[in-house]
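Asks: here's a sequence, model it:
(chains A and B)
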Amino acid sequence: MYSCLDLSGHVVLFELGQLYPGITMEFGKTRGRVTPQELNPSSGPKPKRVPKMVGRRKKEKVKRKKNKANIEELKKEVVMDDHKLTLEELSRRYSVDLTKGLRPEKAQEILDRDGPNTLTPPPTTPEWVKFCKQLFGGFSILLWTGAILCFVAYGIQTYFNEEPTKDNLYLGIVLAVVVFITGCFSYYQEAKSSKIMESFKSMVPQQALVIRGGEKMQINVQNVVVGDLVEVKGGDRIPADIRLISAQGCKVDNSSLTGESEPQSRFPHFTHENLLETRNICFFSTNCVEGTARGIVIATGDSTVMGRIASLTSGLAVGQTPIATEIKHFIHIITMVAVFLGVSFFGLSLMLGYSWLKAVIFLIGIIVANVPEGLLVTVTVCLTLTAKRMAKKNCLVKNLEAVETLGSTSIICSDKTGTLTQNRMTVAHLWFDKTTYEADTSEEQTVNTFAKDSDTWFILARIAGLCNRADFKPDQETLPIAKRATTGDASESALLKFIEQSYSSVKEMREKSPKVAEIPFNSTNKYQISIHLREDSSQTHVLLMKGAPERILAFCSSYLLNGQEYSMDEEMKEAFQNAYLELGGLGERVLGFCFLNLPNTFSKGFKFNTDEVNFPMENFCFVGLISMIDPPRPAVPEAVCKCRSAGIKVIMVTGDHPITAKAIAKGVGIISEGTETAEDTTAQLKVHVRQIDSRDVKAIVVHGSDLKDMSSAQLDEILRNYTEIVFARTSPQQKLIIVEGCQRQGNVVAATGDGVNDSPALKKADIGIAMGITGSDVSKQAADMILLDDNFASIVTGVEEGRLIFDNLKKSIAYTLTSNIPEITPFLLFIILGIPLPLGTITILCIDLGTDMVPAISLAYESAESDIMKRAPRDPKNDKLVNYRLIGMAYGQIGMIQALAGFFTYFVILAENGFKPADLLGIRHDWENSYVNDLEDSYGQQWTFEQRKILEFTCQTGFFVSIVIVQWADLIICKTRRNSVFQQGMKNKILIFGILEETFLAAFLCYTPGMDMALRMYPLKIFWWLCAIPYSILIFIYDEVRKFAIRNHPGGWLERETYY
Amino acid sequence: MKCPLTPNSWLNPSRGKRGQPLSSSLILLFYLVFYGFLAALFSFTMWAMLQTLNDEVPKYRDQIPSPGLMVFPKPVTALDYSFRVSDPESYRGYVDDLTKFLKSYDLEEQKNLTACPDGALREQKGPTYTACQFPVVSLKGCSGVEDPEFGYSTGNPCILVKMNRIIGLKPQGKPRINCISKGEKTATLSTYPSNGTIDLKYFPYYGKKLHVRYLQPLVAVQVAFNTTSTGKEVTVECKIDGSPNLRNQDDRDKFLGRVVFKITMHA
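Replies: Okay, here's the model as predicted:
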């Protein structure tokens, strides 16, 4: 059954050693450094024997430094042969008595030497480093640069005693404060998410039962040492890697390590070369489901298989998030524009005869004016809002930037168990009376569609209910049956629930026909027998049996058809075979059921002996088959469909069998209906998978063992050529290889996983998604996002939110950047034309950090223009967050109109107070001279310095108000990039609030008494508010026309040049 | 379930790529037309705005309700007059400035102006507006008639104080310029015309266009340093006085109805 998975832990890790010859542990190295090479040089395990695991000892205690040598060592150590040893050799190697265990002193000695048996938590970044990252990362750099430039300018000014204005000082301080506050805010947000993370960790210290010096004792798991003799029983967590020396019906759940959801039996015999496959090893942090076992600890803490994977994870280099790349690109553009403007006006001002010093001050002023002060806050708040919205939809984002990553995702590598499926065995089909019936597998299980009136069904139901060791846990009567917790293995629980639901109370049934004896299921017999007293008063017994169908059939000499017994014939056998194949082909686990009425000689009181069978075991009567599957979650097919229409490839990567994997893949639409897989074709043509022309088939199921032999080029080819891919029987580390394969082709990859084994892949993927319910702590640490409900469908809503926020961030940025032009041009014209300064630093800050803020953020609430889930994921190379078209629109077009609006208001106010535009040219020199107190206006009136300054500030207030008014129109046009506002509607209430807010804020700043002293803003006449309105209307009309042209000439020139 | 397998290509966002070289000249043309249109629109709105303006009187005069005071010689970087009696070059600038300023007050220039009656506001109804004569002689030793050096050569420098023109301003009461020396009494000040009176006949002012050749009334301050005092330095503060509607105190505007200047005379 497991023969196909011959990838052992050591081989796998050896491969990883080969994979990352130049692995660099430096944070922030691009993933390009890690180039997977030829996979696995040897196909079999290396029978290399490490005499005493030297490296493991002391060095493990040394805090794991992230360097190459250590990682290499880590990988080599995994060569283990403990599972191959005889018990005597084992005892010798660990110098331990196999019945009495270690002497307590010796154990203490080893504990002192090896350290506690815990996983070293992944190196956590100190809080202050995290804080600094928030403070100096990405966008903040731009603002810091601005602030520093301001201080430099102020320094120059004070040093040379030039124009003793403190504007630059204030601006610098404001910039610094803004970055600092925003940094604190995002740090706080992230800290909050990590707090939720903390809550996942179980605080209860685990206990382990060890035998030391012949005495059983409960000790903390941390104190378990190598060589300890430990005992585990059903329900325990395995305290370390253990080589078993004895076991009674022991089953372990290795799902957190291998992804295999079925419990596996464990016994002391060596069964497989592969450490991961052999049945005599139990792994650290997996669970013992039932039975008991005793074994010798062969590895603890970080040197366990689990520990090594965890350590490897923290060693993987991760790349930049797409949004970080975008912001970098944005900063480049802004810097280029700023430097270009600054330098050209520096030259111009020199030519105009300004002094060098002044020109430098101008240069700095222009560069700083290009810094969008409010954008950092806007972007952070937008991302935070989306993160909150996603958390409500069960996607908890650990890192703010990951919010958008999901939107850029082009491939999702999904787990099967638990993510796509319900992680709950459910009866799917029944076969009796030579007919297949379908059972309802939906989570609610309300519909029952099969023939309940058949007598065969009654008997089948009774066998399934009675010959069943599973039982409901107490006190769950109020819960729906499907939701109740049970004891026992998955298949039996499935049967129990199914019978309880569709037949009658199993409890009653069991009370009426008490069990007198049973032979539990084991893997050699492959059947289970229980003997019950018959329900009728005949005082005889009935023997019920269930098990592997072919085994069951072999016991039978007759069969039931509509409640009548017929003797077994070829026709029946054929029907059976067909049904078995059919159900098996659906990836379902099939069980056969039969019974035997024992004759009177076995009446009540007979002592049945199950060890030496003293009752007949032949001529059973065959009843039927029941097949079970872990059914897909109900919302998953729709979600997969959405992904596909959104251009996202969903790849299933599972440790499960190809048949089951394929069945589920077909069930959820990863392999679409009617698509033949390469396997189907190969099976027909009897050729190897790689020989198939990939153009003919779209779907492929790749087996883990095939994947192992593939070169990375071959893997690339598969990833490129097939649209529907399922990887089955993959080992944990192969997931990493698959993720890298996808990334090599420029995809943004999301990977889901719950086990520790998945964490390298989660870390490596652009966005790792861990499971909130079933996920292990290590996987959650490695992930960027956590699905609180473990449901694949939640990822899709995440994708939707991610795409929406990308679009909306574009709009937000377009909106915010637009007002940059009316903020810079006044300064430029002040320099060139020598007019009084139309817009001052304080008013600029009032716009950027005041009135623009809420409207910009409100765009984050904008609904999508079209079905964003119907377009392909964005191409990270060409579809940038901020491109030259956006800059062109914001700066070149809308911004220019806005600047004109501001200047118009400015000239109106000046002209109406006596300074006509023509007289303003070159007036700057006298205007700025505080000793000229009789400056003459166009009408012959004379103004003192302060009088004209008040007029100037009134103009600046007017300019400010005009910007607010044109920003109304800008906000409305930024709502959409293609659609008309009339199509989009004004449903965004926050946006309407934003418009009102900015207007009221502007009025407040303008009219509140005392503002003249505080901010130098002066009340305006009502008429001056209206000056900008024609321009506002112009903006609206212009953009509506532009969008109309874009809509009506898709792909046309206007779209190519102005659609951002 | 019906499931579209490929995304809608129409909505594919990466389509709008930057194109061929043809495109860049088109962009240029586009922006040329666009900015041309904007320029035209801006000019139009400016023109329309200018049409609404009155040529004679500005629309709003509430920004200058009260006049400022200004002194001559014209200060450039600070209100600090410093000169050496023995060195004519050190005060040549001041003298030139005063001479230049008083040029329009020449008798020749004033020939065509009206001799108005003293002591009353002179409101006119138009259509022609006449300006009143300002007798320079009333400035006595500071008129530049008797002493073309304005007292600088003798150590008694003159400073002219003038009230800013404001259209339609009608001072109430009896406005006068009152100058005092601050701090130690190091000098005596004399103001001409006597008492620093500003006659009401010069008000109201009707604007540059209507009220051609209007002459502002002037007040001169002559400083005479006490021979006994050691320092030849004085700080003078002049204020408008005697008129309730002319303000002379404002925290921010140090020139509203007042002016402070310093004179340093070296031997």
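Asks: and the helix or strand harbouring A:Phe993, what's buried?
Replies: Taking DSSP states H and E as the criterion, the element that holds A:Phe993 is helix A:989-1007. Using 16 or more other Cβ atoms under 10 Å in any protein chain shown as the test for burial, helix A:989-1007 gives A:990-991, A:994-995, A:997-999, A:1001-1002, A:1005-1006. Every residue, glycine included, has its C-beta placed from N, CA and C.
Asks: do the same with stretch B:41-55
Replies: Buried-residue list, stretch B:41-55, by 16+ other Cβ under 10 Å: B:41-42, B:45-46, B:49, B:53.
Asks: just the residues contacting it, thanks.
Replies: A:900, A:903-904, A:907-908, A:911-912, A:916-917, A:1030, A:1034, B:59, B:209 (Cβ atoms under 8 Å, 6 or more residues apart in numbering or on different chains).
Asks: neighbour-wise, which one of the residues you listed leads?
Replies: When these are compared by neighbour count (other Cβ atoms under 10 Å in any protein chain shown), A:Val908 ends up highest, at 27 neighbours.
Asks: so what does that residue look like in phi/psi?
Replies: Phi and psi for A:Val908, reported as degrees, to the nearest 10, are phi -60, psi -50.
Asks: could I get the full set of strands for the stretch 701-850 of chain A?
Replies: Secondary structure of the stretch 701-850 of chain A (DSSP state E, counting those that start in this stretch): strands at A:724-728, A:749-753, A:767-771, A:785-787.
Asks: could I get those strands as JSON lines with mean neighbour count?
Replies: Output for the strands of the stretch 701-850 of chain A, formatted as JSON lines (neighbours: other Cβ atoms under 10 Å in any protein chain shown):
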{"stretch": "strand A:724-728", "mean neighbour count": "26"}
{"stretch": "strand A:749-753", "mean neighbour count": "30"}
{"stretch": "strand A:767-771", "mean neighbour count": "31"}
{"stretch": "strand A:785-787", "mean neighbour count": "27"}
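Asks: separation between the closest residue to B:Asn156 other than its chain neighbours and chain A?
Replies: With sequence-adjacent residues excluded and distances taken as Cβ to Cβ, 6 or more residues apart in numbering or on different chains, B:Asn156 is closest to B:Ala224, at 5.1 Å. Distance, B:Ala224 to chain A, by Cβ to the nearest Cβ, to the nearest Å: 26 Å.
Asks: got the buried residues for the helix or strand harbouring B:Ala224?
Replies: Element membership of B:Ala224 [criterion: DSSP H and E] is strand B:218-225. For strand B:218-225, a neighbour-count test (16+ other Cβ under 10 Å) marks B:218-223, B:225 as buried.
Asks: cool, stretch A:126-143 as well?
Replies: Quick answer for stretch A:126-143 (16+ other Cβ under 10 Å): A:131, A:133-135, A:138-140, A:142-143.
Asks: other residues contacting it?
Replies: Contacts for stretch A:126-143 (Cβ under 8 Å, 6+ apart): A:125, A:144, A:175-176, A:178-180, A:182-184, A:186-187, A:190, A:324, A:327-328, A:330-331, A:334-335, A:371, A:373, A:375-376, A:379.
Asks: any quick ChimeraX command for the buried ones out of these?
Replies: The buried subset of the contacts of stretch A:126-143, as determined by 16+ other Cβ under 10 Å, is captured in ChimeraX by this line:
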select /A:144,175,176,178,179,180,182,183,186,187,190,324,327,330,331,334,335,371,373,375,376,379
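Asks: from the contacts of stretch A:126-143, which land in helices?
Replies: A:144, A:175-176, A:178-180, A:182-184, A:186-187, A:190, A:324, A:327-328, A:330-331, A:334-335, A:375-376, A:379 (DSSP state H).
Asks: before we move on, the earlier item: turn the strands of the stretch 701-850 of chain A into TSV, columns for distance to A:Asn423 and mean pLDDT.
Replies: Shown next, in TSV, are those (distance: least, Cβ to Cβ, whole Å; pLDDT from 0 to 100):
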stretch	distance to A:Asn423	mean pLDDT
strand A:724-728	17	90
strand A:749-753	13	90
strand A:767-771	10	89
strand A:785-787	13	90
